[in-house]
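[1] the following comprises the amino acid sequence and a computationally predicted model.
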Amino acid sequence: MRAILQAFLVPGLVCAATLASAAEKTVLMATWRGCEEACRGVIDHLAEAAPEISVVVRDAARDRTQLTGLMDEARQAEADLIVSWGTSVTLATAGTLAQRGDPAFNHDIPQVFMIVADPVGSGIVESLDHTGRDNVTGTYNRVPEQVNVETLRELLPGMDALGLLYNPNEPNSVLKRDELAELVPDYGIRLLDRAFVLSESGAPRAEDIGDQVRALKASGADAFYVGSSSFLRANAAILGAAARDADLPVLSPYEEMVRNGHALISVAARYYEVGRLAGQQVEAILVEGRAPSDLPVARMKDFALTVNLEVSRDIDLWPPIALLEFAEIIK
């Protein structure tokens, strides 16, 4: 029997590792917001392909302080491999290319990252084909931003300005802002970007979302793009309500925002499938004996277009038939 265990505090992690020690191999999965779809995808793939591998889940619960000492915990648990979810967790464990000599980061335990929006731009790997790290590889799940912009162009042929809120405390959020600032002028679109003001604790405030959305609308935004932001994803209901009130269509890279009625449209890889892809990387390393440095970052090839027609009705904007013909419709 595989042991699939949740650990949230250091004592819990040590206990979980002890219980799982009889397994042939142990994977420590470090997550940011619980064991969601991608986490379950990893677990399900390994349960089918390598049932002798035990998985211990260590969740930070969106608290950066929980990332401190994570590598010490992994070493104490004698983990055979680390799976890291998201940029913040991956940077806290693997560090960047520039930190390869820093003993605070992981340079010895094989590591597979997933749900990292820009592993090259964030300095985690040299390229998707060659990571430049002896012990690190991962997965890449983001749709090219050109696809998102072109989808918005089909939705709004006369779009002049695109609104974006970004969190200066999230590396991916800033990277996506910079990428869009370089990209959208080629489409004749202005980027209206606004950074959240951080509180004394260094975090943005959910109560600021509504004012920021209204400010973007007043500045002339024709649509709103979520970009890459765990903060906006966690506060999707607040964002969605403010966007509806402002009659702003929202395109999100997070499909569940469309399913939950907080965004109009999404082009995205299914997180569960991303997790299964990460599980394949784990299998290649722990079962097949391949070195992480020999494995390119595995890329998702299938993406789903999802449209919420209830949101369409609320903001009186109907996607063209050309989009609806191959979209999954949420009514």
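    Great, that's in hand. Residues are numbered from 1 along each chain as shown.

[2] so where's the chain uncertain?
    1-23 (pLDDT under 70).

[3] tell me where the stretch 51-200 of the chain has strands.
    Assigned by DSSP state E, counting those that start in this stretch, the stretch 51-200 of the chain shows strands spanning 53-59, 81-85, 111-114, 136-140, 161-166, 190-195.

[4] any chance you could read off phi and psi for the most centrally placed residue in the chain?
    Nearest to the geometric centre of the chain sits Ile115, at 3.7 Å (Cα atoms, centre = their mean). Taking degrees, to the nearest 10, you get phi 60, psi 40 for the backbone angles of Ile115.

[5] follow-up on the earlier one: so which of the strands of the stretch 51-200 of the chain is nearest Leu295?
    Among the strands of the stretch 51-200 of the chain, the nearest to Leu295 by Cβ to Cβ is strand 136-140 (4.3 Å). Any C-beta I mention is one placed from the backbone N, CA and C, and that applies to glycine too.

[6] tell me what that closest one is packed against?
    With contacts defined as 3 or more Cβ pairs under 8 Å, 6 or more residues apart in numbering; DSSP states H and E, strand 136-140 has these neighbours: strand 111-114, helix 271-286, strand 298-299.

[7] figure out which of the ones you listed is closest to Gly227.
    Proximity to Gly227 (Cβ to Cβ) singles out helix 271-286 among these, at 17.0 Å.

[8] now the angle from the closest one to strand 53-59?
    If you take axes from the mean of the first three to the mean of the last three Cα atoms, to 10 degrees, helix 271-286 sits at 130 degrees to strand 53-59.

[9] quick one: contacts of helix 271-286?
    Defining contact as Cβ atoms under 8 Å, 6 or more residues apart in numbering, one finds that helix 271-286 is touched by 25, 27, 36-46, 49-50, 53, 80-81, 83, 110, 112-115, 137-139, 141, 255, 290-292, 295, 298, 300, 302.

[10] got the contact list for Arg177?
    Counted by Cβ under 8 Å, 6+ apart, Arg177 has contacts 164, 166, 193, 227.

[11] quickly note the distance from it to His107.
    In this view, Arg177 and His107 are 31 Å apart by Cβ to Cβ, to the nearest Å.

[12] before we move on, what about Lys301?
    Per Cβ to Cβ, Lys301 is found 31 Å from His107.

[13] Met114 now?
    Where His107 is concerned, Met114 sits at a distance of 20 Å (Cβ to Cβ).

[14] more neighbours: which of the two?
    Using other Cβ atoms under 10 Å, the more surrounded residue of Met114 and His107 is Met114, with 30 against 18.
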